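Student: Output the structure for:
(4 chains)
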There are 2 protein chains.
Amino acid sequence: MNQLKTYFDDFHVISQDSFEKIEKITTQLNLKKKEELQAIGKTCKTIYFLKKGLARIYYLKDGNDITDNLILENNMIVRVESLFRNQPSRKAIEVLEDSEIIAIDAQKLMNLYDENPQIERLFRKIFEASHVETINRIESLQFHSAEERYKELIEKHPEVIKRVSLKHIASYLGITQVSLSRIRAIQN
Amino acid sequence: MNQLKTYFDDFHVISQDSFEKIEKITTQLNLKKKEELQAIGKTCKTIYFLKKGLARIYYLKDGNDITDNLILENNMIVRVESLFRNQPSRKAIEVLEDSEIIAIDAQKLMNLYDENPQIERLFRKIFEASHVETINRIESLQFHSAEERYKELIEKHPEVIKRVSLKHIASYLGITQVSLSRIRAIQN
DNA sequence: CTTCTTTTTTATCATTTGTTAAAGGAATTT
DNA sequence: AAATTCCTTTAACAAATGATAAAAAAGAAG
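Tutor: Down below sits the predicted model:
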């Protein structure tokens, strides 16, 4: 749990008392590689913190599996478009490695917001950071070539290449697996 | 001002008193077509509400003007990546039509957050909606062809095609002007 | 209205990325 | 260890998009 507190502190420091209130609405999950955390069609009612492991959010387009997002340890896993709109998500979450996860009940968290604005502020800031990341990713997809995007990923998260299959990395970058393979071949 | 209240109510209803507190930290701006609202390199310290007109956020990549975002009336104009990180933005804001704008001082708004959690919640929800839009745009850029993206834009915002130059629309869609012209030619 | 500037279209060619198929490797299961 | 399945690479060709240049059209300015 200390790990979660440390994560929180980077965004907004809350009292020990407030932290314990959050602790009370969490549960611990341990998933084995390839297990599903949330299924397509379910409305997101849980916010996950990935203590250890690796996860991805994906969806199907024309029967193809597309990785929408990759999440490394020490990050939140949330299907934002479902949580914020309270609508079923077309996306699923699965872990790509054995993972330890803290699940936070979203409804109970909203209730905590009412009694404790500091908690609301904490999560506001967490999601703001994620919002900024999303915006930066748009810039990358909007006007960088596939090769540039691949290089950017290696630069920022070199470990991802080793831990995630190239199939998933390709769709995450918005290209086909074959195209990624070609780019990698030229690099060497 | 009523227009702003109506806009707010869609996200979270606050008291008349709270609304008046917000009103006190706003100023009205009228800009002529092509005038700049914020310059590149400035840190975003103002949240704008576009009452009337049309605006865009843009930046320069290798000397090319790239439209990052188009904003229609009745929406907020914010350089989120700058506001949330309190860092200088590489992006600028300009209006594409004569526009009426309400400027909200971000620092004073943060102060209001402290004394009134309902105001913080209102803006949290406003930005959450914008976050969701950003995520949906990623999906579009990640795996839809240029032609699909163009059709989506026409579908969702047909008026944009008439009000914004194709040059700006092209870069917004992540393609060149020439490429967009070609796509349009095939359509007819 | 005429001139000047900017935007949009068209054409040609180069480059990138997609598609399909096949082969080689790696990992998993039996 | 062998068999099976899934992942990755390679190759050949197709399709989409980019780059450049020039013409046409539209808009702004005098």
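Student: can you pull out the strands in chain A?
Tutor: All strands of chain A, identified by DSSP state E, fall at A:26-31, A:36-38, A:46-52, A:54-61, A:64-72, A:75-77, A:91-95, A:99-105.
Student: Please work out the average pLDDT along stretch A:32-48.
Tutor: Average pLDDT, stretch A:32-48: 96.
Student: who touches that stretch?
Tutor: Contact partners of stretch A:32-48, identified using C-beta atoms under 8 Å, 6 or more residues apart in numbering or on different chains, comprise A:29, A:31, A:55, A:59-60, A:76-80, A:82-83, A:86-98, A:101-107, A:109, A:123. (C-beta placed from N, C-alpha, C; glycine too.)
Student: Okay, buried residues for that stretch please.
Tutor: Using 16 or more other C-beta atoms under 10 Å in any protein chain shown as the test for burial, stretch A:32-48 gives A:37, A:38, A:44, A:46, A:47, A:48.
Student: ok, the residues you listed vs residue B:68, which is closest?
Tutor: Taking C-beta to C-beta as the measure, residue B:68 lies nearest residue A:44 of the buried residues of stretch A:32-48, at 27.5 Å.
Student: Name the nearest residue to the closest one, ignoring sequence neighbours.
Tutor: Closest residue to residue A:44 apart from its sequence neighbours, by C-beta to C-beta, 6 or more residues apart in numbering or on different chains: residue A:82 at 3.8 Å.
Student: got it, and residue A:132?
Tutor: residue B:81 (4.9 Å).
Student: thinking again about what came up before, return the most buried member of the strands of chain A.
Tutor: strand A:91-95 (a mean of 23; mean count of other C-beta atoms under 10 Å in any protein chain shown).
Student: my guess is residue A:50 meets residue A:78, correct?
Tutor: No - under the criterion of C-beta atoms under 8 Å, residue A:50 makes no contact with residue A:78, lying 10.6 Å away.
Student: how about the nearest residue to the residue nearest the centre of chain A, chain neighbours excluded?
Tutor: The residue lying closest to the centre of chain A (C-alpha atoms, centre = their mean) is residue A:77, at 3.6 Å. Computed as C-beta to C-beta, 6+ apart, the closest residue to residue A:77 that is not its neighbour in sequence is residue A:48, at 4.1 Å.
Student: ok, now how distant is the one you found from residue A:2?
Tutor: Between residue A:48 and residue A:2 the distance is 18 Å, computed by C-beta to C-beta, to the nearest Å.
Student: Enumerate the residues of chain A near DNA strand D.
Tutor: A:165, A:166, A:167, A:177, A:178, A:180, A:181, A:182, A:184, A:185 (C-beta under 7 Å from any atom of the strand).
Student: quick one: low-confidence parts of chain A?
Tutor: The model of chain A has pLDDT under 70 over residues A:188.
Student: Which stretches in it count as helices?
Tutor: With DSSP state H, the ranges of helices along chain A come out as A:2-9, A:16-24, A:80-83, A:106-115, A:117-143, A:146-156, A:158-163, A:166-173, A:177-187.
Student: Just put these in JSON lines and tack on mean neighbour count.
Tutor: Output for these, formatted as JSON lines (neighbours: other C-beta atoms under 10 Å in any protein chain shown):
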{"stretch": "helix A:2-9", "mean neighbour count": "14"}
{"stretch": "helix A:16-24", "mean neighbour count": "14"}
{"stretch": "helix A:80-83", "mean neighbour count": "20"}
{"stretch": "helix A:106-115", "mean neighbour count": "15"}
{"stretch": "helix A:117-143", "mean neighbour count": "19"}
{"stretch": "helix A:146-156", "mean neighbour count": "15"}
{"stretch": "helix A:158-163", "mean neighbour count": "11"}
{"stretch": "helix A:166-173", "mean neighbour count": "20"}
{"stretch": "helix A:177-187", "mean neighbour count": "13"}
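Student: Make a markdown table from those and add distance to DNA strand C to it.
Tutor: A markdown table is the format used below for the helices of chain A (distance: least, C-beta to the nearest atom of the strand, whole Å):
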| stretch | distance to DNA strand C |
| --- | --- |
| helix A:2-9 | 26 |
| helix A:16-24 | 34 |
| helix A:80-83 | 23 |
| helix A:106-115 | 33 |
| helix A:117-143 | 11 |
| helix A:146-156 | 3 |
| helix A:158-163 | 10 |
| helix A:166-173 | 8 |
| helix A:177-187 | 3 |
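Student: a markdown table for the ones you listed, including distance to residue B:13?
Tutor: Listed next are the helices of chain A as a markdown table, based on distance: least, C-beta to C-beta, whole Å:
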| stretch | distance to residue B:13 |
| --- | --- |
| helix A:2-9 | 29 |
| helix A:16-24 | 26 |
| helix A:80-83 | 21 |
| helix A:106-115 | 15 |
| helix A:117-143 | 17 |
| helix A:146-156 | 41 |
| helix A:158-163 | 43 |
| helix A:166-173 | 39 |
| helix A:177-187 | 48 |
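Student: what does chain A put close to chain B?
Tutor: Neighbours of chain B within chain A, by C-beta under 8 Å from any C-beta of the partner chain: A:61, A:66, A:68, A:80-81, A:84-85, A:113, A:117, A:120-121, A:124, A:127-132, A:134-139, A:141-143, A:171, A:174.
Student: quick revisit: could you check how far the residue nearest to residue A:77 is from residue A:157?
Tutor: 19 Å.
Student: Quick check: residue A:109 touching residue A:116?
Tutor: No - the pair residue A:109 / residue A:116 is not scored as a contact, 10.3 Å apart, by C-beta under 8 Å.
Student: Would you format the strands of chain A as JSON lines with distance to DNA strand C included?
Tutor: Shown next, in JSON lines, are the strands of chain A (distance: least, C-beta to the nearest atom of the strand, whole Å):
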{"stretch": "strand A:26-31", "distance to DNA strand C": "15"}
{"stretch": "strand A:36-38", "distance to DNA strand C": "15"}
{"stretch": "strand A:46-52", "distance to DNA strand C": "18"}
{"stretch": "strand A:54-61", "distance to DNA strand C": "11"}
{"stretch": "strand A:64-72", "distance to DNA strand C": "8"}
{"stretch": "strand A:75-77", "distance to DNA strand C": "22"}
{"stretch": "strand A:91-95", "distance to DNA strand C": "13"}
{"stretch": "strand A:99-105", "distance to DNA strand C": "15"}
